[in-house]
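Colleague: show me how the following folds:
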Amino acid sequence: MPLCPSPDRTTTRPDAQRPHSPPGHDRRRFPIAGVDLSASISVFLIALPLSLGIALATGAPLQAGLVAAAVGGLVAGRFGGAPLQVSGPAAGLTVVTAELIQRYGWRTTCAITVLAGLAQLGLAALRVARSALAVSPAIVHGMLAGIGVTIALAQLHIVLGGTPQSSTVDNVLGLPAQLADLHPAALSISALTVAVLLLWPRLPGRAGHALRKIPAALASVAAATALAAFAGLAVPRVDLPSWSSHILPGLPQGPVLGIAAGVVTITLVTSVQSLLSAVAVDKLVAARADHGHGVPRSRLDRELAGQGAANMVSGALGGLPVAGVAVRSVANVSAGAMSRNSTMLHGLWIVLAALLLVPLLDLIPLPALAALVMVVGIQMVNITHIRSVTRHREVLVYAVTLSGVVLVGILEGVALGIAVAIAVAMHRLAKTRITREEHEGRHLVRVRGQLTFLAVPRLSRALHQLPPGAHAVVELDGSFMDHAAYETLHDWQAGYLRAGGTVDVTGPSGDRIGEPDSASHGCCRPWTPWRNHHCGEPHAGDGTRRPTGHQLASGIGKFQRNTAPRVRDELARLAREGQRPSQLFLTCADSRLVTSMITASGPGDLFTVRNVGNLVPLPGEESGDDSVAAAIEYAVEVLRVQSITVCGHSGCGAMQALLSSTPGPDAPQSPLRRWLRHGLPSLERMASRRHAWARISERLPADAVEQLCLTNVVQQLEHLRAYEPVARRLAEGTLTLHGMYFHVGEAQSYLLAGPDEQHRYDDVFDLVPPSKAPVEDLDAPDGGPDARDSGPDAPTGGSGTPAEGSGASVEGTSVTGPDMPAGGRITPNMIKDRTRVRAS
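Modeller: Numbers count the residues shown, from 1 in each chain. Below you'll find the model as predicted:
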């Protein structure tokens, strides 16, 4: 059995570079990973047409889009704090940039971009990047949706062969006239672009799978370019002037307040969009990694500084504003990028294309780029975001922000959204619902929402309507109670108690609130982080606990007070309907093993059998135990459980006794020793060279005791198969068997790996991660060891007798296997030797 992790585990090579680490010094001849190279090409093919389309939509020189894409890749990619995020000209900046160009001209807009980058550097120095995420998601999504609507309406005019107007309202009002004056050439180019863009990801078959590796944006623009070229359509095309005539920024010219507002708007939109995109990239990388372990988060302040540097360089070189772009970042992560090298290489490819592919770029028809940007704008109105804000009852904030951005402007729309969000929060804070119910003599007053002085009159009226001398429950479902409400509730409670009534003030889960902290020790509360703590118990002088005789009664009283009210309804249902457990759980009687706690189970879930050593006596033996056999028969035949789990644990005293017992027929036969004879087959299995040693995945057993604890679980599963009801249910496929090992010191559960296609075990116990439910997931139809038939490696014969030649004494407990350590640690060489013998 090779010592290698299973295929679903992530292995880390010593030379592997972590995804969010800066590029280190690599002594290899070519330090760039192949996945980074391929990812950079994929992102480049997406960014090239989008950069030209965004530049076209803003009214800026088309070269400005290429400059921003190159700077975003090289500068933001090198200095930013989110290495896998791709930056460049973003559709979210189209509206504000177009407005600035229209008001102040291109040179001043470049200067505003430089100042915005400088402002971002200042914000990064103040370390306020994390604060930008405090903005309500409804406002952010509404802002982006409003920008998307504005973009789509403007580009629709170019798609139809016309020219967009200066405002969204004018674009809407001008649509009828534009529809009456269609340009067939531009419309056909645009229709083809949209069709390819939407259908490309859905191409079927193997050929479609191969073609889908080409980005849909590139494929759509290429198809439109080919149609325009071969059909000779008269449509406007890209016209990249010589780089020698490229327009660079000049000194800002215009009103100071207007330019300052432009700087603030560019800073706000680029910063928020970049930071939100960085957080989204973190989630993608975590999902791609093994359960998200070891994946570092983006350094948001550094990312903000990187975006600021990129905007300063882009504005100084005559480029558009730069921001992190979600679409390109998702493509980068999906293509397998592992470091910032992919982002920087994509910027390099943009530079080479801008210098060498100008004749090819000049063939692209402008309606194709407009159609591409129009689809991007439509996709910014995200249905998932709308569902999310609807679920959180923030549709009003979303709608007001969207409408404000479309009708007034970005800053004004965001300000309106913030004002509405504050108003909604204040309304929820002040809104309190008070109801009164009566059920079987129990009077319940429910308070929903925050309890402030505004609700005191209604609260007082509801409380004083309760009949005196009754049992009253006041349920508070809120996170805040001001002083006026507290005084009202406290005074009423005192008076009601004096009148002979009883009062419970609880939370929504039924927990009492307002009890003094001294009433019970923090670690004595039921099912909190539990410790073996006994409050108020006298101790002997040596520090040991002195038994008082009242511990059990005290615990029962705490159950009646704290736990019984929570489970009474469920227990009443079980009393009416009878028990229907889905699993038989056979484990050790060790007091450290709390089955309901380690399996997160409750009343009626598990049919539990406990004994010393979690042993299953073979049926028909003279020293057999009818109680265990009766429990198995009742669970399998009457209760019809779906699975049986044998659970061992670390430090098992029974396994230690087996290893240390004195061998020989003359040894005193105490009841414990007679019972432990049922564990002798586990000793034989561990000593036999015909069986692989049971072990925990990715590590060896700590010592011979742990080795025997693991082996015992596997052996008891074999004993279960010897029971006729179990064998019959296994053959029918209606029962599964499972092995489990609980490490007490680590509070960690391990599950025995299922059989392979030949129905053979590797006898490996896999760690159960926190995200899984250890017992609820045990009933997988194709998992569990029950699928294995008897084979050449079976430890017992058909009758369940121990295999001969195992090297273990049946009368005693000595282990004489040639490779069994005398109590030391298990070594890898022992495992390898055992594997070679088993394979032969």
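
Colleague: pull out the buried positions in the longest helix along the chain.
Modeller: Counting residues, the longest helix in the chain under DSSP state H turns out to be helix 256-288. Residues 259, 262-263, 265-282, 284-286 are the ones in helix 256-288 that count as buried (16 or more other CB atoms under 10 Å). (Glycine included, C-beta is placed from N, CA and C.)

Colleague: what mean pLDDT would you report for the following helix or strand past it?
Modeller: Remark: after helix 256-288, the chain's next helix or strand is helix 300-316, criterion DSSP states H and E. The average pLDDT within helix 300-316 is 93.

Colleague: list the buried residues in helix 300-316.
Modeller: Applying 16+ other CB under 10 Å to helix 300-316 flags 300-301, 303-316 as buried.

Colleague: and those, which is closest to H439?
Modeller: L300 (51.8 Å; CB to CB).

Colleague: tell me how far the residue nearest to that closest one when sequence neighbours are not counted lies from R391.
Modeller: Counting by CB to CB, 6 or more residues apart in numbering, the nearest residue to L300 once its immediate chain neighbours are dropped is A129, at 3.8 Å. As judged by CB to CB, to the nearest Å, A129 and R391 stand 28 Å apart.

Colleague: of the two, give the one with the bigger neighbour count.
Modeller: Legend: neighbour count by other CB atoms under 10 Å for A129 and R391, higher for A129 (24 against 9).

Colleague: confidence score at L710?
Modeller: Value for L710, per-residue pLDDT: 90.

Colleague: what's near enough to touch it?
Modeller: L710 makes contact with G648, W693, A694, R695, I696, P701, Y741, D763, F765, according to CB atoms under 8 Å, 6 or more residues apart in numbering.

Colleague: run through the stretch 601-750 of the chain and note the low-pLDDT ranges.
Modeller: Scanning the stretch 601-750 of the chain for pLDDT under 70 picks out 621-625, 662-668.

Colleague: top of the contacts of L710 by neighbour count?
Modeller: When neighbours are counted by other CB under 10 Å, G648 leads the contacts of L710 with 31 neighbours.

Colleague: so who does it touch?
Modeller: Counting by CB under 8 Å, 6+ apart, G648 has contacts T587, C588, N614, C709, L710, N712, V713, G739, M740, Y741, F742.

Colleague: so which of those are in helices?
Modeller: C709, L710, N712, V713.

Colleague: tell me where the model's unsure across the chain.
Modeller: 1-31, 33, 132-133, 243-245, 287-296, 509-551, 621-625, 662-668, 754-762, 771-840.

Colleague: ranges for the strands of it?
Modeller: 87-88, 323-324, 433-439, 442-448, 471-477, 502-506, 583-588, 606-611, 643-649, 695-696, 736-743, 748-752, 764-767 (DSSP state E).

Colleague: TSV for those, including distance to M344?
Modeller: Formatted as TSV, these follow (distance: least, CB to CB, whole Å):
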stretch	distance to M344
strand 87-88	11
strand 323-324	15
strand 433-439	57
strand 442-448	54
strand 471-477	53
strand 502-506	59
strand 583-588	55
strand 606-611	56
strand 643-649	53
strand 695-696	43
strand 736-743	46
strand 748-752	42
strand 764-767	38
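
Colleague: looking at those strands, spot the one closest to S42.
Modeller: Here strand 87-88 is closest among these (CB to CB), at 14.3 Å.

Colleague: the closest one packs against which elements?
Modeller: Applying 3 or more CB pairs under 8 Å, 6 or more residues apart in numbering; DSSP states H and E, we find strand 87-88 packed against helix 34-58, helix 300-316, strand 323-324.

Colleague: same list (these) but as TSV, adding distance to L672.
Modeller: Shown next, in TSV, are those (distance: least, CB to CB, whole Å):
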stretch	distance to L672
helix 34-58	60
helix 300-316	62
strand 323-324	68
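
Colleague: L444: neighbour count?
Modeller: L444 has 17 neighbours, counted by other CB under 10 Å.

Colleague: which residues touch it?
Modeller: Counted by CB under 8 Å, 6+ apart, L444 has contacts R436, E437, E438, A472, V473, E475.

Colleague: and it, how far from L476?
Modeller: Separation of L444 from L476 (CB to CB): 12 Å.

Colleague: can you check P468 too?
Modeller: From P468 to L476 the distance is 22 Å (CB to CB).

Colleague: cool, V172 as well?
Modeller: Relative to L476, and taking CB to CB, V172 is found at 50 Å.

Colleague: ok, now R107?
Modeller: Using CB to CB, we find R107 at a distance of 62 Å from L476.

Colleague: neighbour-wise, which of the two wins?
Modeller: L476 (22 against 17).

Colleague: wait, isn't the more buried one in contact with G507?
Modeller: Yes - with contacts defined as CB atoms under 8 Å, L476 counts as touching G507 at a distance of 6.2 Å.

Colleague: of all the strands of the chain, which lies closest to G409?
Modeller: strand 323-324 (18.1 Å).

Colleague: ok, and what's touching the closest one?
Modeller: So strand 323-324 is contacted by 76, 82, 85-88, 90, 92-93, 269-270, 273-275, 277-278, 303, 307 (CB under 8 Å, 6+ apart).

Colleague: chain center to it: distance?
Modeller: Offset of strand 323-324 from its chain centre (CA atoms, centre = their mean, to the nearest Å): 24 Å.

Colleague: and stretch 592-611, by the same measure?
Modeller: With CA atoms, centre = their mean, you get 28 Å for stretch 592-611.

Colleague: quick one: end-to-end distance for it.
Modeller: Start-to-end span of stretch 592-611 (CA to CA, to the nearest Å) is 13 Å.

Colleague: ok, now stretch 85-100?
Modeller: Stretch 85-100 has its terminal residues 27 Å apart, counting by CA to CA.

Colleague: wait, L348 sits on G77?
Modeller: No - counting by CB under 8 Å, L348 does not reach G77; the two are 9.9 Å apart.

Colleague: excluding chain neighbours, what is closest to A216?
Modeller: A216 sits nearest to W200 (CB to CB, 6+ apart), 3.9 Å away.

Colleague: who's in contact with the one you found?
Modeller: Applying CB under 8 Å, 6+ apart, the residues contacting W200 are L211, R212, I214, A216, A219, S220.

Colleague: I'd guessed the fourth one sits against V194; true?
Modeller: The reference is to A216. No - counting by CB under 8 Å, V194 is not a contact partner of A216; they are 10.8 Å apart.

Colleague: returning to what we had before: reformat the contacts of W200 as TSV; add distance to H678.
Modeller: Below are the contacts of W200 laid out as TSV (distance: CB to CB, whole Å):
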residue	distance to H678
L211	64
R212	60
I214	66
A216	66
A219	69
S220	72
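
Colleague: could you pull up phi and psi at the residue nearest to W675 when sequence neighbours are not counted?
Modeller: Of all residues not flanking W675 in the chain, V612 sits nearest, at 6.2 Å (CB to CB, 6+ apart). When quoted as degrees, to the nearest 10, the phi and psi of V612 stand at phi -70, psi 110.

Colleague: my guess is V612 contacts L658. True?
Modeller: No - in this structure, V612 is not within contact of L658 by CB under 8 Å, at 10.8 Å.

Colleague: tell me, what's touching these two both at once?
Modeller: L676.

Colleague: between these two, which has more neighbouring residues?
Modeller: Each of V612 and L658 has its neighbours counted (other CB under 10 Å); L658 has more, 23 against 17.

Colleague: next one: the more buried one from V609, what distance?
Modeller: 20 Å.

Colleague: now stretch 567-587: buried residues?
Modeller: Applying 16+ other CB under 10 Å to stretch 567-587 flags P581, S582, Q583, L584, F585, L586, T587 as buried.

Colleague: hmm, which two among those are most spread apart?
Modeller: It's S582 and T587 that sit farthest apart of the buried residues of stretch 567-587, by CB to CB, at 16.2 Å.

Colleague: fine, thanks again, bye for now.
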